[in-house]
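J.: missing the sequence, but the structure's below:
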């Protein structure tokens, strides 16, 4: 992949990639998302994703497969467009939480790179990292509270799931993505 200057703006048409872990984000048996796929971890407002414009399918797979979360297994990848995420804002009745996709490149020491520093696609770390950023924190322990930020974030996450396309990895033990090319996979989204 040629060296590219990473734009600080995540454009509407860029393809965003999310790793799928079973059973937390994806039902391997049912081949569908769970709302947790696009919800922030407890007590955080952001969901880590990768920008395909500055990576390739194999890098996205290797990164997702390298994540270590107890009792979770890497099973595939999901793609979604920022425009589909941004369109959700203001469409869910009584839900005032906003969602955005922001550039958050990570350096080799796992720190977010300052906006003033130029970042290139071949820099060490995760220069292609971005976040789906919610305007509220996913507060742990609020699961059953109607109208809580956690419930509202869950509603938005379900809408993102409806716009995303996921695929089980046909060969999880391989270093290469052997599924549908991610740029093609986005074409399968339901309008």
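T.: Here it is on my side, so go on. Keep in mind that what you see is a predicted model, and the values were worked out from it rather than measured.
J.: From here on, just use CA atoms for contacts and neighbour counts.
T.: Noted.
J.: Need the nearest residue in space to residue 110, chain neighbours excluded.
T.: Spatial nearest neighbour of residue 110, excluding adjacent residues (CA to CA, 6 or more residues apart in numbering): residue 125 at 7.0 Å.
J.: ok, the one you found - contacts?
T.: Contact analysis of residue 125 by CA atoms under 8 Å, 6 or more residues apart in numbering lists 106-110.
J.: List only those of the residues you listed flagged as buried.
T.: Among the contacts of residue 125, those classed as buried by neighbour count (16 or more other CA atoms under 10 Å) are 106-107.
J.: Spell out which two among the contacts of residue 125 are the most distant pair, please.
T.: 106 and 109 (7.8 Å; CA to CA).
J.: Ranking helices and strands of the protein by mean pLDDT, which lands last?
T.: strand 26-27 (a mean of 82; mean pLDDT, DSSP states H and E).
J.: circling back to that earlier point, from residue 105, how far off is the residue nearest to residue 110?
T.: 8 Å (CA to CA, to the nearest Å).
J.: Residue 124 now?
T.: 10 Å.
J.: and what of residue 89?
T.: 24 Å.
J.: what do you get for residue 70?
T.: Taking CA to CA, one finds residue 70 at 25 Å from residue 105.
J.: what's the helix ranked longest in the chain packed up against?
T.: Criterion DSSP state H: the longest helix present in the chain is helix 149-163. If you count contacts as 3 or more CA pairs under 8 Å, 6 or more residues apart in numbering; DSSP states H and E, helix 149-163 packs onto helix 82-86.
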